[in-house]
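Colleague: Got a sequence here, can you build the structure:
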Amino acid sequence: MCSPLNPPPFGGLAARLSLALLVVPFAALGGEQPLGASLEPLLAYAREHNPRISASRFERQAAQEDIKPAGALPDPRFQLELMDFTNAVNPNRSASLLPGEVGTTRYRIIQPIPFWGKRGLRAEVAGAQAEQGRAMERLSQIEVEAGIKTAFARHYQAAGQTRILQKTLALLEALERIVLTRYGVALVPQQDAIQVQAEITGLKLELVEADRLKRNAAAALNAALPRPADAALAEPRKLPEPPRGLSLAQLRDRLAERSPELERERAGAAAAEVQRRLTYRNRFPDLALGLTNNQPYQGVDTWDLMIEMNIPLQQSSRRAQERGSEHRLAAARAKVASAQAQLEGQLGETWAAFESSREKSRLLRSTLLPQAEAGYQAALAGYETGRVNFNTLIEAERQVLRARLSLLDADVDMRIRLAALEQLAGATL
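Modeller: Have a look, this model is predicted:
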């Protein structure tokens, strides 16, 4: 007999297997889940790893750092002047290039000073350019996020098509068993059995194509993140809910206030305006202050103070620069108006498509799909009692399949249009 201290080998094996079965699920739960099941983790991953977002952030930071040096004073200049380095006035000494060993050594420091207001205007130009960089950063992030939302919706669509086709295939295989049973007792012609098998084969071919589209959608989503094309992706569980109570007027207001494209063009116009003012300020001369220490050989040191300024004589050149700045400002303002008109046109088109997809989805979900499913159930019951032929039953099944796929397409198209609206409006809706 086996004592309690020495259990039989089988009991020990069973205990170990039971422990393994308990441990494995918890280990699986503790492991890192692949991306793809929901949208937000994908967006968070892209914000951290997408190189386009990183590049625009670095460019914005670089433009921000340019503001301070743009408004700073120029660096002072240092001059060393060796007067009478041949020592002509000191015939007992030979020529020299050493300070203090020549007739007079001059040490001079010169500080350029731009005319009043120029430094501030240069800083304003750099600040407006930094605003452009900030708008470009927002635009890059919004465009990347819109691409991910679109790719996520396409991945959901491809996975949904596969599920719908698999469900329909299971339905047809169950129908095949009914047809073969009835054919076996001579209740239906052989044509019914051949037709249902042909439908099954055609559906399997559609599943092959759906699997290809699913792999393509997964590769596109990984590329938008970015990750390797074959990186593991979980199947998306659901699409984000569309906003309720949204109107075109609200979207137009958001576009005018928050569109990063408009912000970029407006910042460009602001930079052109400040640059125009700076160009007119260039009519006035810049100054330079100099301080010189004179050290004659075996003499008394003296100090000189110097004021220098440039003489703005090239008036024709300056007038041309001023006219050019006016033209650039007019062009920048025209770009703002053009961008706003173009964006509002895109907004109107996208809104119309969004509303159309939303209405189509509502009709398919509430009316057509229930009608198609009820029609199929009626046709199936009629076929089993011999009151409906097989062609009617197959057509009813096809209507259900088309309705389900159309509903999926409408839901996906609505989310893609929503991503485009968010890109135009510059914010999540």
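Colleague: Mind checking what secondary structure residue 154 has?
Modeller: When classified by DSSP: H, G, I helix; E, B strand; the rest coil, residue 154 comes out as helix.
Colleague: Can you give me the separation between it and residue 263?
Modeller: Distance, residue 154 to residue 263, by Cβ to Cβ, to the nearest Å: 29 Å. In short, each C-beta sits where N, CA and C put it, glycine included.
Colleague: now swap in residue 216 and tell me
Modeller: 35 Å.
Colleague: These two - which one has more neighbours?
Modeller: residue 263 (19 against 14; other Cβ atoms under 10 Å).
Colleague: That one and residue 135 touch, don't they?
Modeller: Yes: contact criterion Cβ atoms under 8 Å: residue 263 and residue 135 qualify, at 3.8 Å.
Colleague: for the closest residue to residue 419 other than its chain neighbours, helix, strand, or coil?
Modeller: Counting by Cβ to Cβ, 6 or more residues apart in numbering, residue 149 is the residue found nearest to residue 419 once chain neighbours are left out, at 3.9 Å. Under three-state DSSP, residue 149 falls in the helix class.
Colleague: Hmm, residue 417 and residue 149 touching each other?
Modeller: No: contact criterion Cβ under 8 Å: residue 149 and residue 417 do not qualify, at 10.7 Å.
Colleague: So which residue is smack in the middle of this protein?
Modeller: Geometric centre of the chain, nearest residue: residue 144, 1.5 Å, by Cα atoms, centre = their mean.
Colleague: Tell me if that one really is in a helix.
Modeller: Yes: assessed with three-state DSSP, residue 144 lies in a helix.
Colleague: now the residue nearest to residue 176 when sequence neighbours are not counted: how far from residue 70?
Modeller: Closest residue to residue 176 apart from its sequence neighbours, by Cβ to Cβ, 6+ apart: residue 196 at 4.9 Å. Going from residue 196 to residue 70 by Cβ to Cβ gives 77 Å.
Colleague: Looking at those two now, which is surrounded by more residues?
Modeller: Counted by other Cβ under 10 Å, residue 196 and residue 70 do not tie: residue 196 has more neighbours, with 24 against 17.
Colleague: buried set for stretch 343-360?
Modeller: 343, 344, 347, 350, 351, 353, 354, 357, 358, 360 (16 or more other Cβ atoms under 10 Å).
Colleague: Including distance to residue 113, pLDDT and secondary structure, could the residues you listed go into TSV?
Modeller: Formatted as TSV, the buried residues of stretch 343-360 follow (distance: Cβ to Cβ, whole Å; pLDDT from 0 to 100; DSSP: H, G, I helix; E, B strand; the rest coil):
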residue	distance to residue 113	pLDDT	secondary structure
343	45	93	helix
344	48	92	helix
347	50	93	helix
350	54	93	helix
351	56	94	helix
353	60	94	helix
354	59	94	helix
357	64	93	helix
358	64	93	helix
360	69	94	helix
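Colleague: Identify the farthest-apart pair in those residues.
Modeller: 343 and 360 (25.5 Å; Cβ to Cβ).
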